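whatever this is, show me its structure:
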Amino acid sequence: MIGPATTIRMRISAVAYARAHPLQYRLMFATPLPDPEAHPAMMASARHAFAILNEAIDRVHGRPDAASPAGRAVPLDALYVWATVHGLAGMMQSSAMQTLALPASVHAAVQPHAMGRLHAAMTAPLPKDEQP
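Modelled structure (predicted):
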């Protein structure tokens, strides 16, 4: 079963990949996508990757009915995780953080801090208006 810890490990892996393979990462996520109709296999892979994350979030939320407020929150939470992880990976690849003149300790702590905050967000009770 995919739970919150597995979801966080998946996201840490994404950041680690971005750091280890910066050019490939930029090619995949920082360039415009080619025409989806001309590249259906690429789109199928992209949708599959997001479906894995969406499924993990759905399980974390207890598999709510898709029409319920909690069910409608699942893809939103998946996009939140996706955006946070890819934003962090992009910042860590660029010189954006260096321009802020932050101490080295902040640079060292940003990834575990962000992953901890994601974990806290994904394991916190849903807001009352999103509960099943």
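
every contact and neighbour count from this point should use C-alpha atoms.
Noted.

next up, the contacts around the residue nearest in space to the middle of the chain.
With distances taken as C-alpha atoms, centre = their mean, the residue of the chain nearest its centroid is Trp82 (2.5 Å). Listed by C-alpha atoms under 8 Å, 6 or more residues apart in numbering, Trp82 has no contact partners.

check what pLDDT it gets.
pLDDT, Trp82: 88.

same deal with Arg26?
76.

ok, then the element right after the lowest-mean-pLDDT helix or strand in the chain?
Using mean pLDDT, DSSP states H and E, helix 4-20 stands out as the lowest-scoring helix or strand of the chain, at a mean of 69. Heading C-terminal from helix 4-20, the first helix or strand you meet, by DSSP states H and E, is helix 22-29.

list the buried residues for the helix or strand just after that next one?
Past helix 22-29, further along toward the C-terminus, the next helix or strand under DSSP H and E is helix 40-60. Within helix 40-60, the residues that qualify as buried are Met43, Leu53, Asn54, Glu55, Ala56, Ile57, Asp58, Arg59, Val60, counting by 16 or more other C-alpha atoms under 10 Å.
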